[in-house]
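**Student:** what follows is a predicted structure for the sequence shown.
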Amino acid sequence: MKIAICIKQVPGTTAVEVDPVTGTLKRDGVESKLNPCDLYALETALRLKESCGASLTAVTMGPPQAQSILREAFMMGVDEALLVSDRKFAGADVLSTSYTLAQALECAGPFDLIICGRQTTDGDTAQVGPELAELLNIPHAANVTEIHSLDAGKLRATMLLPGSFMQISMKLPALISVDETIAEPRLPSYKLKLATADREIKVLSLKDFADTDENHYGQSGSPTRVIRVFPPEHNTRQERWEGSGKECALRLAAFLEEGKFLQDPR
Ligand SMILES: Cc1cc2nc3c(=O)[nH]c(=O)nc-3n(C[C@H](O)[C@H](O)[C@H](O)COP(=O)(O)OP(=O)(O)OC[C@H]3O[C@@H](n4cnc5c(N)ncnc54)[C@H](O)[C@@H]3O)c2cc1C
């Protein structure tokens, strides 16, 4: 059983500037960390390793410094690490990120199960997992809260839906994105840090992929562009109304109707 865990390096602070020309984050010199949701993906995989003897590969697409989160994954107990890195991958939108990861996983696989976090704290779209599954043409379940079994080519799990839970059975290979309630992530181990200090991190770049057309990656392979990033505008205008409760209530209803917050207040 081979399991890949997709993890991403994200800024460790909210004080990150956006390049006004490209609309991408200026990551140089910014303190970074492992995306918090991905700790749950790692923990899920580690528990499967303990119960089924799976071999675990942590995968990240990012610049060379993203190696640090792969070292952290080693310290938690993963067996192998893969850095997907190439200047041609820079400026990728969600589709291009998912396509690059799909190419990398096909190149390094096959994997029986791919585990993603729910979402990241920077891009925040929660779309990479489902898009990756579509591109790999495998089934996908999001917001997985519990894994019941993983055997005989099948995964049985519970996923969280708005207001309810759903029990599912999926054929492997499959992809799941996990909810933070699935398990409490363990701390990195000092013992594993020493034991894995020299362990190789494999690097995959464009030349290793089946599709080496650079127009399919990075900014050139991205159909979407950020036009402008700005904080929400706050309206601080205030009005004070005098009158009886009924008068004020009617005035409030008219105000809400005028602002199209109400269809018909009466
Ligand atoms: C300033 C800014 C501008 C952006 N502009 C655009 C844009 O115009 N169009 C657009 O489509 N996107 C845009 N993005 C999103 C950006 O491309 C994403 O960072 C990237 O596609 C990954 O998506 P995500 O961070 O939303 O991941 P999510 O979908 O939220 O992540 C879900 C899970 O997928 C996995 N995952 C995600 N990224 C990686 C990775 N690199 N390596 C390994 N695993 C990963 C992790 O398991 C993660 O928990 C922008 C982001 C920023 C910060």
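**Tutor:** Yes, it's here. Residues are numbered from 1 along each chain as shown.

**Student:** quick one, strands of the stretch 101-250 of the chain?
**Tutor:** Taking DSSP state E, counting those that start in this stretch as the test, the strands found in the stretch 101-250 of the chain are 113-116, 140-151, 154-161, 164-171, 174-178, 202-204.

**Student:** now these as a markdown table including distance to the ligand, mean neighbour count and mean pLDDT?
**Tutor:** (Glycine included, C-beta is placed from N, CA and C.) Converted to a markdown table, these look like this (distance: least, Cβ to the nearest ligand atom, whole Å; neighbours: other Cβ atoms under 10 Å; pLDDT from 0 to 100):
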| stretch | distance to the ligand | mean neighbour count | mean pLDDT |
| --- | --- | --- | --- |
| strand 113-116 | 3 | 28 | 98 |
| strand 140-151 | 10 | 18 | 94 |
| strand 154-161 | 15 | 17 | 95 |
| strand 164-171 | 18 | 12 | 95 |
| strand 174-178 | 6 | 26 | 97 |
| strand 202-204 | 12 | 16 | 97 |
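
**Student:** which non-adjacent residue is nearest the most centrally placed residue in the chain?
**Tutor:** The C-alpha lying nearest the average C-alpha coordinate of the chain belongs to Gln119 (Cα atoms, centre = their mean; 3.6 Å). For Gln119, ignoring the flanking residues on the chain, the nearest one in space by Cβ to Cβ, 6 or more residues apart in numbering is Ala126 at 3.7 Å.

**Student:** got the strands of the stretch 101-250 of the chain as JSON lines, with distance to Glu72 columns?
**Tutor:** Below are the strands of the stretch 101-250 of the chain laid out as JSON lines (distance: least, Cβ to Cβ, whole Å):
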{"stretch": "strand 113-116", "distance to Glu72": "16"}
{"stretch": "strand 140-151", "distance to Glu72": "22"}
{"stretch": "strand 154-161", "distance to Glu72": "26"}
{"stretch": "strand 164-171", "distance to Glu72": "29"}
{"stretch": "strand 174-178", "distance to Glu72": "18"}
{"stretch": "strand 202-204", "distance to Glu72": "16"}
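
**Student:** nearest to Ala90, out of the ones you listed?
**Tutor:** strand 202-204 (15.4 Å; Cβ to Cβ).

**Student:** so in that sheet, which strands flank that closest one, and in what orientation?
**Tutor:** Looking at strand 202-204 with DSSP bridges, its partner strands are strand 80-84 (parallel).

**Student:** off-centre distance for the partner strand?
**Tutor:** Remark: strand 80-84 is offset 16 Å from the chain centroid, using Cα atoms, centre = their mean, to the nearest Å.

**Student:** what are the buried residues along that strand?
**Tutor:** Neighbour-count burial for strand 80-84 flags Glu80, Ala81, Leu82, Leu83, Val84 (criterion: 16 or more other Cβ atoms under 10 Å).

**Student:** isn't the third one up against Leu204?
**Tutor:** Yes: with contacts counted by Cβ atoms under 8 Å, Leu82 reaches Leu204, the gap being 6.2 Å.

**Student:** what about the helices in this structure?
**Tutor:** Ranges of helices in the chain, per DSSP state H, are 36-52, 67-76, 94-108, 128-136, 190-195, 245-258.

**Student:** check the burial of Ser220 by counting its neighbours.
**Tutor:** Neighbour count for Ser220, taken as other Cβ atoms under 10 Å: 13.

**Student:** if I look at it, what pLDDT would I see?
**Tutor:** Note for Ser220: predicted pLDDT of 93.

**Student:** overlap in contacts of Leu82 and Leu204?
**Tutor:** Ala104, Ala108 (Cβ atoms under 8 Å, 6 or more residues apart in numbering).

**Student:** OK, contacts around Asp86?
**Tutor:** Here Asp86 is in contact with Ser205, Leu206, Tyr217 (Cβ under 8 Å, 6+ apart).

**Student:** can you pick the most crowded of the residues you listed?
**Tutor:** Tyr217 (25 neighbours).
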